[in-house]
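Chemist: show me how the following folds:
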Amino acid sequence: RSLNFKEMKDNSMITAMKFLQTLAICAYFAKQPYYPMLIVQLMQLTLRYGICKESCYGMAHFSFLLCQKFEYFKASDHIGRLALLLSDKCEADEYQSCILWIYFGVIRCWSVHIKENLENLLRGYHVGMQT
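Modeler: Prediction:
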């Protein structure tokens with residue numbers, strides 16, 4: 001199946017997405033309550049202006065939120081797979097290891113035994129070491 005999403009072309013929006021992505025990861029590790037709001041903002045900008053590399057990151061983290069905070073496992077799996085597909089389409093190599101870790105290490109283990117995800121987790125590790 002082909003993914004026919006509009007590409008984000010507005011440089012100011014791409015810069016905003018990069019800034020939000022950086023803020024989101026800082027908020028997550030600092031255990032700030034702003035993390036979900038920042039991820040939702042990434043998703044809103046993606047839906048309004050199109051996809052970019054940071055959209056893939058935002059979708060992976062949105063998938064994480066659906067799984068961990070709301071326990072919407074099926075929806076989380078679908079969005080996580082979409083993040084993986086879009087990361088390939090957008091050539092989002094710098095976010096690939098994070099997306100692989102979230103999907104195969106956090107999301108997919110709710111529906112498939114973790115042993116079946118080890119190969120992809122190892123791939124994510126290798127990608128992360130290369131980027």
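Chemist: show me the shaky parts of this structure.
Modeler: Applying pLDDT under 70 to the chain flags residues 1-3.
Chemist: strands along that one, start to end?
Modeler: In the chain, no segments count as strands under DSSP state E.
Chemist: check contacts around the residue most central in space within it.
Modeler: With distances taken as C-alpha atoms, centre = their mean, the residue of the chain nearest its centroid is Ala60 (2.1 Å). Residues counted as contacts of Ala60 (C-beta atoms under 8 Å, 6 or more residues apart in numbering) are 80, 83-84, 87, 95, 98-99, 102-103. From N, CA and C alone the C-beta is placed, and that goes for glycine too.
Chemist: which of those residues fall in helices?
Modeler: Counting by DSSP state H, the part of those found in helices is 80, 83-84, 87, 95, 98-99.
Chemist: how about the nearest residue to Asp93, chain neighbours excluded?
Modeler: In space, and not counting its chain neighbours, Asp93 is closest to Thr131: 5.7 Å by C-beta to C-beta, 6 or more residues apart in numbering.
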